[in-house]
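**Student:** all I have is the shape, not the residue letters:
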C-alpha cells in the first residue's frame with residue numbers, strides 16, 4: 001500500500017526531489033508567528049504519494065535534503081502499517097501496531113527544536 005504525507009517545500013535545501021514524487025495536492029500557508037519560521041514568507045505544503053517499494057529510499061534521501069541553516073524540520077508519511085518520520089539525517093519507521101515507538105521519534109524532534117504542537121505523535125486519528 002502506498003504512503004501519503006506532507007512535505008513543506010521550504011524545508012528542503014534542494015526541492016528538485018519533488019519532481020520524483022507524485023503530488024496529490026498543494027496548499028500555500030502565509031507565515032505567522034506560530035510557524036516559528038520568520039525567515040520565510042510562506043509554507044508550500046505538498047501532499048505526496050510514495051510507492052510502498054520506494055518508501056525507505058525516499059525517507060533516506062529526504063533526510064539528506066533539509067535546509068542545513070534551519071535543521072528543525074521533519075517530514076512524515078504513512079500507510080496503514082507504518083509511519084515514516086524523517087528528520088535531518090535521522091529516520092524513524094514506526095510500526096502502527098506498536099504506538100510506543102512514537103516516543104523516541106517525538107523526543108528526537110523536540111531535541112532539535114521542533115515545537116511540541118508540531119509533533120502530533122502518535123496521531124489521534
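**Tutor:** Nice, I can see it. All of these numbers come straight from a predicted model, not from anything done at the bench. Numbering: from 1, shown residues only.

**Student:** can you tell me the closest non-neighbouring residue to the residue sitting nearest the centre point of the chain?
**Tutor:** What sits nearest the mean C-alpha location of the chain, by Cα atoms, centre = their mean, is residue 75, with 0.7 Å. Spatial nearest neighbour of residue 75, excluding adjacent residues (Cβ to Cβ, 6 or more residues apart in numbering): residue 86 at 4.5 Å. All C-beta spots, glycine's among them, are computed from the backbone N, C-alpha and C.

**Student:** can you tell me what sits against the helix or strand encompassing that neighbour?
**Tutor:** Element membership for residue 86, per DSSP states H and E: strand 82-87. With Cβ atoms under 8 Å, 6 or more residues apart in numbering as the test, strand 82-87 has contacts from 3, 5, 55-56, 59, 62-63, 66, 73-78, 91-96, 102, 105, 108-109, 112, 121, 123.

**Student:** what's the PyMOL line that selects buried ones from those residues?
**Tutor:** Burial among those is assessed by 16 or more other Cβ atoms under 10 Å; the matching PyMOL selection reads:
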select buried, resi 3+5+55+59+62+63+66+73+74+75+76+77+78+92+94+102+105+108+109+121
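
**Student:** just the ones of the contacts of strand 82-87 in helices?
**Tutor:** The helices, defined by DSSP state H, take in 55, 56, 59, 62, 63, 102, 105, 108, 109 from these.

**Student:** now the residues you listed in CSV, with pLDDT?
**Tutor:** Output for these, formatted as CSV (pLDDT from 0 to 100):
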residue, pLDDT
55, 98
56, 97
59, 98
62, 97
63, 97
102, 94
105, 95
108, 95
109, 94
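
**Student:** want to try TSV for those residues, with distance to residue 42 as columns?
**Tutor:** TSV is the format used below for those (distance: Cβ to Cβ, whole Å):
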residue	distance to residue 42
55	28
56	30
59	25
62	20
63	24
102	29
105	27
108	27
109	22
